[in-house]
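Engineer: Could you look at this predicted model? Sequence included:
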Amino acid sequence: MKPTIKLKILDWWRGESFYDNYFVRILSKKYNVIEEENPDYVLYSVFGYEHRKYDCIRIFFTGENICPDFNICDYAIGFNDIVFEDRYIRYPLYLLNEKDMERAVKKHIITDDIMQNKTKFCNYIYSHSNSSKLREEFFDLLSNSYKKVDSAGIYRNNIGFSLPIINGDFSSSKYEFMKNYKFTIAFENSSTNGYTTEKIIQAFGARTIPIYWGNPKISDFSLRGGGGK
């Protein structure tokens, strides 16, 4: 019989059921994971402060460029290149995007058919502005000085439609759109050592060349090593 884990997930992304959660699915391979109002463990992220009300083991996970506060959490999972004994593991958000990862590890497998379909120049897919404005400035510079960049996201859309959600999955429509392009603007929201998101992963998966800005250590990036050598 599997050991039981009493878990509560708080301050998380909206629209995801408890048993569809990535970490619940992983834990369920070895444990009987149940959702509990009086949990032994709380798994939380950055979208609120409900986790502070619980006096149990608190595990922090971030998909944002935020360093864990170990005064609040007992354990943490994130982007940062830090070592804190057994209390921290580097596990970037893009590893949760399983379909994108499956495509990205095959980025070097390129056939004649794939190349023949790459008839378009460069894409740009974002839902909001970048606080540093660097991403937006680059988009404008490339579009105005060389050739139009197709923007298919909600922000700065210039193609007349936004990409749909297919079977609850936005990454599938991004892939179908991006695979016809030679280049992808893959700028992060900010630049910090270790902060690498799905942007470059999705570009690799669509076998486009990412025009990248973000993680200063991106040269250490490995698809098979959690983002580092």
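Structural biologist: Structure's in. What do you need?
Engineer: So Tyr195 is in contact with Asn65, correct?
Structural biologist: Yes: applying C-beta atoms under 8 Å as the test, Tyr195 and Asn65 come out as touching, 4.8 Å apart. Where you see a C-beta, it was placed from the backbone N, CA and C, and this is true even at glycine.
Engineer: Compare those two and say which is more crowded by neighbours.
Structural biologist: Per other C-beta atoms under 10 Å, whichever of Tyr195 and Asn65 has more neighbours is Tyr195, with 24 against 18.
Engineer: check which helix or strand covers the more buried one.
Structural biologist: Assigned by DSSP states H and E, Tyr195 falls within no helix or strand.
Engineer: if I pick it, what's in contact with it?
Structural biologist: Asn65, Phe79, Asn80, Glu188, Gly214, Asn215 (C-beta atoms under 8 Å, 6 or more residues apart in numbering).
Engineer: longest helix anywhere in this protein?
Structural biologist: In the chain, taking DSSP state H as the definition, the longest helix is helix 134-145.
Engineer: Can you name the next helix or strand after it?
Structural biologist: With DSSP H and E, the next secondary element past helix 134-145 is strand 150-151.
Engineer: who does that next one pair up with?
Structural biologist: strand 120-124 (parallel) (DSSP bridges).
Engineer: Tell me which residues are up against stretch 75-94.
Structural biologist: Under C-beta under 8 Å, 6+ apart, the answer for stretch 75-94 is 57-63, 65-68, 70, 74, 100-101, 192-198, 201, 217, 226-228.
Engineer: As CSV, could you dump the C-alpha coordinates of the worst-scoring helix or strand of the chain on mean pLDDT?
Structural biologist: When the helices and strands of the chain are compared on mean pLDDT, DSSP states H and E, helix 170-178 comes out lowest with a mean of 88. Taking Å, rounded to 0.1, in the frame of the first residue of the first chain, the C-alpha atoms of helix 170-178 are listed here in CSV:
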residue,chain,number,x,y,z
PHE,A,170,-2.0,27.0,-25.7
SER,A,171,1.5,25.6,-26.4
SER,A,172,0.1,23.4,-29.2
SER,A,173,-1.3,26.4,-31.2
LYS,A,174,2.0,28.2,-30.6
TYR,A,175,3.9,25.3,-32.0
GLU,A,176,1.7,25.0,-35.1
PHE,A,177,2.2,28.7,-35.7
MET,A,178,5.9,28.9,-35.0
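Engineer: Pro210: neighbouring residues, count only.
Structural biologist: 19.
Engineer: Hmm, it is touching Phe204, no?
Structural biologist: Yes: under the criterion of C-beta under 8 Å, Pro210 is in contact with Phe204, at a separation of 6.9 Å.
Engineer: For the protein, just list every one of the helices.
Structural biologist: For the chain, the helices defined by DSSP H occupy 22-27, 98-104, 112-116, 134-145, 170-178, 198-205.
Engineer: re the thing from before, any residues in contact with both of Tyr195 and Asn65?
Structural biologist: Shared contacts of Tyr195 and Asn65, counting by C-beta under 8 Å, 6+ apart, come down to Phe79, Glu188.
Engineer: From Phe60, how far off is the residue lying closest to Arg25 once chain neighbours are set aside?
Structural biologist: Nearest in space to Arg25, with sequence neighbours left out and distances taken as C-beta to C-beta, 6 or more residues apart in numbering, is Tyr19 at 7.6 Å. Between Tyr19 and Phe60 the computed distance is 21 Å (C-beta to C-beta, to the nearest Å).
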